[in-house]
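In: give the three-dimensional model of this entry:
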Amino acid sequence: MRHTHVSIRIHCVFSTKERRASIPEEIQPRLWAFIGGIARRIGMKAIAVGGMCDHVHILLLLPATMALAKAVQTLKANSSRWLHETTGKPFEWQEGYAAFSVSISQTDATVAYIRNQREHHAKRGFDAEFARMLERHNMQD
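Out: Residues are numbered from 1 along each chain as shown. Alright, predicted model coming up:
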């Protein structure tokens, strides 16, 4: 085979430092777009980006040559700097992250889930949501 072909979809989730509500609602659409731009610039595709004031969800299409840890570190570092510069306030993401593989058949459902965070969190908070995600993937915290 002459070419490398990959289909690696990863649903990444990470929260703000100490899960503080530090992403102002009016900034969120710009931040999500900025994260998508970072992904594009480093050779990934952000299929969907969304979240709330204390966390973000990103569905990434990862290239064959990119390590997940490097991808997340780059997204977090650049978006953190952008938020600090945009708001004039210190901003940090929490150190860790979660990442879940997504099959092509579940892509549309995952995109809908990411885009409907506000409605989803009206029913369930981040801690309960995150615990459920870990449980569904047999990854108890």
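In: in whichever helix in the chain runs longest, which residues are buried?
Out: Using DSSP state H to define each element, the chain has its longest helix at helix 68-87. For helix 68-87, a neighbour-count test (16 or more other Cβ atoms under 10 Å) marks 71-72, 74-76, 78-80, 82-83 as buried. C-beta: built from backbone N, CA, C; applies to glycine.
In: isn't Ala104 right up against Ile47?
Out: In this structure residue 104 is Ile, not Ala. No: Ile104 is not in contact with Ile47 according to Cβ atoms under 8 Å; the separation is 11.0 Å.
In: how distant is the longest helix of the chain from the center of its chain?
Out: 11 Å (Cα atoms, centre = their mean, to the nearest Å).
In: and it, what does it pack onto?
Out: Packing partners of helix 68-87 (3 or more Cβ pairs under 8 Å, 6 or more residues apart in numbering; DSSP states H and E): strand 8-15, helix 28-41, strand 55-62.
In: what's that helix in contact with?
Out: With contacts defined as Cβ atoms under 8 Å, 6 or more residues apart in numbering, helix 68-87 is touched by 10, 12, 14, 23-24, 27, 30-31, 34-35, 38-39, 42, 44, 56, 58, 60, 62, 90-93, 97, 99.
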